[in-house]
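Undergrad: pasting the sequence and the predicted model now:
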Amino acid sequence: MKTHRFFPTPTALVLASLYTMGSLGAQQNRVPTSFFLPPPPSDYAADIGDRPGAVGTGEGSRLNPTGLNPIGIFEASPFKYSFSVREGYDSNVFTTHTNPISSFYTNFAAGLDYQFGGPRLQLTSSLGGGVTYYYTRPGKKDDLNGQFTLALVYLATPRLSISANTTIAYLSQPDTSLYGNSNRVNGDYLYTNSNIEGSYQWSEKFSTVTGYSAYANYYVTQQLNNTQSFWSSTIKQSFHWLLLPKTTIVAEYRANPIIYTGGAGMNSFGNFALVGFDQIFNPRFKWTARLGCEQRFNQNPVDGNSTYFGPYMETNLSYQFGPASTLFWTARYGTEPSGLTNVTQRQTFRTGLTVSHAFTPRISGNLGLNFEEDYFNQSGVINTYNQTIADISAGLNFKINRHISLSAGYQFTDVLAPQNVTMAYTRNVAFVGANFNF
């Protein structure tokens, strides 16, 4: 009997490539998706509030689970414009432990989105910026912020798919969910997160993914730049075996050098040996997990050289429980840059849950829950201490028509450090606003 070998179609490769892009990397973090800062609750997905019954071309639809348009994204205009104004209140503008200073603020922001695509190439990009004015904040009263994102998927051959994405953001406020970031107001900083991956299907059941990612924080203030700005690179090679029709087992190696660009003497080099799985329950429900060990060689200007060896874990789960309703959960344990002067690393467990739901075609909302536990230990520099961060956000959006919507949101951040109380603070941010889309 003649045996027919099967190789995935381009559509299947797109799905695999997109799923790979969504997998957690060595520096998994929530990429900032909003240029409205101080950080309000997460923005709403573009299709929230659209016709709930629409299927066939939308994200996660029954007829096209990849969400890509097979005949290309050629509308009257590939550009979408957005403008917004928000009035808000910040209870602790300097994130201080004692004598917090509060202020009302006004935020103006604008954005531009671009989409292009065909059967083999999908590209999306966005550019945005905003200004926030604090009425009673001492000293500098305005914050400027901007962001650029680019993502693409390219089907080079029936076996080879290439995916790439990058985010560059100029931020003024801390984001506790970002990898290696300080949780306090430290002035303006530049954040970038980029990766490129190639997936090759060697046979019906075996494939490999080769990738490179770069993550960096750069502080504008020279003193902070000299001690806390860093560049983290990761090279990874993973091997995927299709064990069951919906279950893929994975073995993966990563090399991760971290360079402190200001010459702080806190460079490190990490090795990761991981195993895990990619589980696709159905087009709407996916789960990815990696578990293994991390070895890291550290430098420190005070403590000297040291070696860390410990467990590493990362996982994420996504579930689309309605036509315009999604749930996303992520968790990670491993080392990160500390965000402190002369402290090379911290051990961090972080987990987050984000839910977006369209109650009606006009009313939608979201909820975000984030938890982080940090352990600091640098002999000769600081006393050992733990830090706990809880961040809760919620928001509502009312769509007046296809161009205008009203929004309101609230975010609560609580940082606890019983052994180092000066690092602790509480912050409340609330806002109401109007959004215009064309």
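TA: That came through fine.
Undergrad: for this protein, what's the longest strand?
TA: The longest strand of the chain (DSSP state E) is strand 306-322.
Undergrad: just the CA coordinates for that strand, please, in CSV.
TA: Output of strand 306-322 as CSV, limited to C-alpha atoms (Å, rounded to 0.1, in the frame of the first residue of the first chain):
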residue,chain,number,x,y,z
SER,A,306,28.2,34.2,42.1
THR,A,307,26.2,31.3,40.6
TYR,A,308,22.5,30.8,40.9
PHE,A,309,20.7,27.5,40.2
GLY,A,310,17.0,27.0,40.7
PRO,A,311,13.7,26.0,39.2
TYR,A,312,12.0,27.8,36.3
MET,A,313,8.3,27.7,35.3
GLU,A,314,6.1,29.5,32.8
THR,A,315,2.6,28.9,31.6
ASN,A,316,-0.3,30.7,29.8
LEU,A,317,-3.8,29.8,29.0
SER,A,318,-6.2,31.6,26.7
TYR,A,319,-9.9,31.0,26.4
GLN,A,320,-12.5,32.7,24.2
PHE,A,321,-15.7,32.1,25.9
GLY,A,322,-17.9,34.3,23.7
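Undergrad: from the contact counts, what lies against whichever helix or strand comes after that strand?
TA: Next in sequence after strand 306-322, counting helices and strands by DSSP states H and E, comes strand 325-337. When contacts are defined as 3 or more Cβ pairs under 8 Å, 6 or more residues apart in numbering; DSSP states H and E, strand 325-337 packs onto strand 285-298, strand 306-322, strand 345-358. To be clear about C-beta, it is placed using only N, CA and C from the backbone, and glycine gets the same treatment.
Undergrad: just to revisit the earlier point, partners of the longest strand of the chain in the sheet?
TA: strand 285-298 (antiparallel), strand 325-337 (antiparallel) (DSSP bridges).
Undergrad: buried set for the first one?
TA: For strand 285-298, burial by neighbour count (16 or more other Cβ atoms under 10 Å) applies to K286, W287, T288, A289, R290, G292, E294, R296, N298.
Undergrad: can I get the helices and strands packed on strand 325-337 in TSV with distance to F431 and mean pLDDT?
TA: Converted to TSV, those look like this (distance: least, Cβ to Cβ, whole Å; pLDDT from 0 to 100):
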stretch	distance to F431	mean pLDDT
strand 285-298	33	96
strand 306-322	26	95
strand 345-358	18	94
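Undergrad: possible to save these as TSV with distance to E372?
TA: As requested, the helices and strands packed on strand 325-337 are arranged in TSV below (distance: least, Cβ to Cβ, whole Å):
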stretch	distance to E372
strand 285-298	18
strand 306-322	14
strand 345-358	4
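Undergrad: after whatever helix or strand T132 lives in, next one along is what?
TA: Per DSSP H and E, T132 falls inside strand 121-134. The C-terminal neighbour of strand 121-134 among helices and strands, as given by DSSP H and E, is strand 142-155.
Undergrad: any idea which helix or strand comes after that next one?
TA: Following strand 142-155 in sequence, per DSSP H and E, is strand 160-171.
Undergrad: and the average pLDDT for the next helix or strand after that next one is what?
TA: Once the chain leaves strand 160-171, the next helix or strand it forms, by DSSP H and E, is strand 189-201. Averaged across strand 189-201, pLDDT comes to 93.
Undergrad: sorry, back to before: among the strands paired with strand 306-322, which comes closest to K141?
TA: strand 325-337 (30.4 Å; Cβ to Cβ).
Undergrad: circling back: next, the angle from the strand holding T132 to strand 160-171.
TA: 10 degrees (axes from the mean of the first three to the mean of the last three Cα atoms, to 10 degrees).
Undergrad: strand 121-134 packs against which elements?
TA: Applying 3+ Cβ pairs under 8 Å, 6+ apart, we find strand 121-134 packed against strand 103-117, strand 142-155.
Undergrad: and stretch 307-318, how far out from the chain's middle?
TA: 16 Å (Cα atoms, centre = their mean, to the nearest Å).
Undergrad: contacting residues around it?
TA: Defining contact as Cβ atoms under 8 Å, 6 or more residues apart in numbering, one finds that stretch 307-318 is touched by 22-24, 28, 272, 274, 285-298, 326-335, 345, 347.
Undergrad: same thing but 6 Å
TA: 24, 28, 272, 286-292, 294-297, 328-334 (Cβ atoms under 6 Å, 6 or more residues apart in numbering).
Undergrad: same thing with stretch 419-435?
TA: Contacts of stretch 419-435 (Cβ under 6 Å, 6+ apart): 38, 40, 84-92, 95-97, 385, 405-417.
Undergrad: tell me how far that stretch lies from the chain's centre.
TA: Taking the mean of its C-alpha atoms, stretch 419-435 sits 20 Å from the chain's own mean (Cα atoms, centre = their mean).
Undergrad: in it, what's buried?
TA: For stretch 419-435, burial by neighbour count (16+ other Cβ under 10 Å) applies to M423, A424, Y425, R427, V429, A430, F431, G433, N435.
Undergrad: shaky segments in the stretch 1-150 of the chain?
TA: By pLDDT under 70, the low-scoring segments of the stretch 1-150 of the chain are 1-76.
Undergrad: among the helices and strands packed on strand 325-337, which is nearest G187?
TA: Of all these, strand 345-358 comes closest under Cβ to Cβ, at 20.8 Å.
Undergrad: what bridges to N193?
TA: Here N193, judged by DSSP bridges, has bridge partners T167, Y215.
Undergrad: the one 5 residues further on too?
TA: Note on G198: beta-bridge partners by DSSP bridges are I162, T210.
Undergrad: wouldn't it be in contact with S161 here?
TA: No - applying Cβ atoms under 6 Å, one finds G198 not in contact with S161, separated by 7.4 Å.
Undergrad: neighbour-wise, which of the two wins?
TA: More crowded of G198 and S161, by other Cβ atoms under 10 Å: S161, with 28 against 18.
Undergrad: how close does F431 sit to A408?
TA: F431 sits 7 Å away from A408, going by Cβ to Cβ, to the nearest Å.
Undergrad: what of Q279?
TA: Distance of Q279 to A408, computed by Cβ to Cβ: 37 Å.
Undergrad: repeat for R346
TA: 35 Å.
Undergrad: again with I392
TA: I392 is 15 Å from A408, where distance means Cβ to Cβ.
Undergrad: neighbour-wise, which of those two wins?
TA: More crowded of I392 and A408, by other Cβ under 10 Å: A408, with 18 against 15.
Undergrad: for the more buried one, which non-adjacent residue is spatially closest?
TA: V432 (4.7 Å; Cβ to Cβ, 6 or more residues apart in numbering).
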